[in-house]
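A.B. asks: the sequence isn't on hand, but the structure is:
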């Protein structure tokens, strides 16, 4: 069973089982880590989860992930036990190495278009950060966020399917989901109990409801109140990563 | 024949042949554009080149590249004539769609490792910008640049092959090349006639010499003096993209 706390500076180096099972190094609230978790869950790939405190990384972490990055996937069954990083690189590696339930379209053009769409989340990510993680976001932060989000409402309308991946969840859906899981926390961290407009974002809200019922997503999801609890600790400059776990095991 | 000037604001919209041949929209000095050019040249994929002035984009450019981005490849033989953007997305699309002379390794792990290495160029790109494009770069700019570059010297030593791709040029080689083509221009733009240290960067300099003889690279290369000439116009706040062309056709 995975240790349900974040290892940090001073934490003794854990003895990890050398059983050829993949190791995922992650932070529980990191949306990029969640991308890797989702692909592993969707494809039912066995793995150990090792949680890393990002403000105070354990001294031994670079033994596993030489660049100190999270998420990182260590391939313990491969000679040299290499580690791969970058959420999109990990996702595509897993999709190629474990082709059951393929998430990217096989067609090179559709795959390219999906990758471009994933990149187009960047302005939304940048726009939502001040809202989630600063105590007093600038006045134009909310309209900027909504304008950035329009891209995805328009794209879902254009595609005419319930998911970005079509009639089934695909790579775009999983790669953008972590941020959509966090948007409802705005209701708790913003004074005006903000929610996405039901008309302007009708398709996206329908998509959100469908996504929330996916097995892989349910397995990893955190409630918006827990996200908000973390955001408040981070806004205060002392992120508490372990609020994700009901009981912290020492 | 391609028009050898950069289209800009006010330029009449060109009549592009509708012959099913790919269209590459680029800026002649843009290293990201060069990535796309190199893959097209290496794979002998016929294409038209349309040069775009990035400081003053032509009004009609979004008709071809809806996000206004460069490089952009328009697939005129595909229904709807879609355009794809992002240099790495374009490169991987071309590698999958035109598998002759495959540039990425077929093995998913090696491919993932090569993508991570390409991402690791980012600190070098950031470090070299003040040296190339500002009139009075900060004092620590040069050591920062050299420290960032060490990654690639180390990696080439570790791989023990002449190219990052092995005994033949691969995707990493082409994706990082555009910046290495520009480094010798430092000799012209920095007062101390700077060159990379022949001992510290021995493997990289050997690699540079090999790369400079590749047919695809030769087809697209610009002399370091021409790069320097452009940098000086850009340092002065008035980038002259057309210095790339010996005679500007009006």
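C.D. replies: Now that the structure is in, tell me what you want to look at. Source: prediction; values computed, not measured.
A.B. asks: so residue A:159 versus chain B, what's the distance?
C.D. replies: 13 Å (CB to the nearest CB, to the nearest Å). C-beta here means a position set from N, CA and C on the backbone, and glycine is covered the same way.
A.B. asks: how far away is the nearest residue to that residue once chain neighbours are set aside from residue B:167?
C.D. replies: Sequence neighbours aside, residue A:166 is the residue nearest to residue A:159 in space, at 7.6 Å (criterion: CB to CB, 6 or more residues apart in numbering or on different chains). Using CB to CB, to the nearest Å, we find residue A:166 at a distance of 41 Å from residue B:167.
A.B. asks: flag every residue of chain A that's near chain B.
C.D. replies: A:75, A:78, A:82, A:84-86, A:89-90, A:92-93, A:96-97, A:108-109, A:111-113, A:115-116, A:119 (CB under 8 Å from any CB of the partner chain).
A.B. asks: related to what we said a few turns ago, residues near the residue nearest to residue A:159, how many?
C.D. replies: 15 (other CB atoms under 10 Å in any protein chain shown).
A.B. asks: equivalent analysis for residue A:162, please.
C.D. replies: Counted with other CB under 10 Å, residue A:162 comes out at 18.
A.B. asks: all helices of chain A, in order?
C.D. replies: Counting by DSSP state H, one finds helices in chain A at the ranges A:31-42, A:61-64, A:87-97, A:108-119, A:122-133, A:141-159, A:171-182, A:186-189, A:202-212, A:215-220, A:224-235.
A.B. asks: list of residues touching the fifth one?
C.D. replies: Spelled out, that is helix A:122-133. With contact meaning CB atoms under 8 Å, 6 or more residues apart in numbering or on different chains, helix A:122-133 is reached by A:31, A:137-138, A:141-142, A:144-145, A:147-149, A:151-152, A:179, A:182-183, A:185-186, A:189-190, A:231, A:234-235.
A.B. asks: please apply the same query to stretch A:102-112.
C.D. replies: In contact with stretch A:102-112 (CB under 8 Å, 6+ apart) are residues A:39, A:42-43, A:91-92, A:95, A:114, A:165, A:169-171, A:174, B:75, B:78, B:82, B:84, B:89-90, B:92-93, B:96-97.
A.B. asks: how about 7 Å then?
C.D. replies: For stretch A:102-112, the surrounding residues in contact (CB atoms under 7 Å, 6 or more residues apart in numbering or on different chains) are A:39, A:42, A:92, A:95, A:114, A:170-171, A:174, B:75, B:78, B:82, B:84, B:89, B:93, B:96-97.
A.B. asks: and chain A, what are its domains?
C.D. replies: As recorded under automatic domain parsing, the domains making up chain A are A:1-102, A:108-213.
A.B. asks: among those, which comes closest to residue A:245?
C.D. replies: domain A:1-102 (4.4 Å; CB to CB).
A.B. asks: how far away from the center of its chain is that closest one?
C.D. replies: Taking the mean of its C-alpha atoms, domain A:1-102 sits 13 Å from the chain's own mean (CA atoms, centre = their mean, to the nearest Å).
A.B. asks: please apply the same query to stretch A:108-128.
C.D. replies: When distances are taken as CA atoms, centre = their mean, stretch A:108-128 is centred 14 Å away from the chain's centroid.
A.B. asks: what residues sit buried inside that stretch?
C.D. replies: For stretch A:108-128, the buried set under the neighbour-count rule, 16 or more other CB atoms under 10 Å in any protein chain shown, comprises A:108, A:111-121, A:124, A:127-128.
A.B. asks: okay, now it: how far is its last residue from its first?
C.D. replies: Terminal residues of stretch A:108-128 lie 31 Å apart, using CA to CA, to the nearest Å.
A.B. asks: now the most far-flung residue of chain A relative to its centre: phi and psi?
C.D. replies: For chain A, the largest distance from the centre (CA atoms, centre = their mean) belongs to residue A:79, which lies 28.5 Å off. Phi and psi for residue A:79, reported as degrees, to the nearest 10, are phi -50, psi 130.
A.B. asks: which intervals of chain A have sub-threshold pLDDT?
C.D. replies: Low-confidence segments of chain A (pLDDT under 70): A:1, A:247-250.
A.B. asks: now the closest residue in space to residue A:175 that isn't next to it in sequence: how far from residue A:125?
C.D. replies: Take residue A:175 and drop its neighbours on the chain: the residue closest to it by CB to CB, 6+ apart is residue A:118, 4.8 Å away. Distance of residue A:118 to residue A:125, given as CB to CB: 11 Å.
A.B. asks: residue A:200 now?
C.D. replies: Distance, residue A:200 to residue A:125, using CB to CB: 19 Å.
A.B. asks: count of residues packed around residue A:165?
C.D. replies: Neighbours of residue A:165 (other CB under 10 Å): 19.
A.B. asks: now residue A:61
C.D. replies: Residues lying near residue A:61 (other CB under 10 Å) number 22.
A.B. asks: can I assume it is in contact with residue A:52?
C.D. replies: Yes - taking contacts as CB atoms under 7 Å, residue A:61 lies within contact range of residue A:52: 6.0 Å.
A.B. asks: mind listing the shared neighbours of the two?
C.D. replies: By CB under 7 Å, 6+ apart, no residue touches both residue A:61 and residue A:52.
A.B. asks: which residues touch residue A:222?
C.D. replies: For residue A:222, the contacting residues are residue A:244, by CB under 7 Å, 6+ apart.
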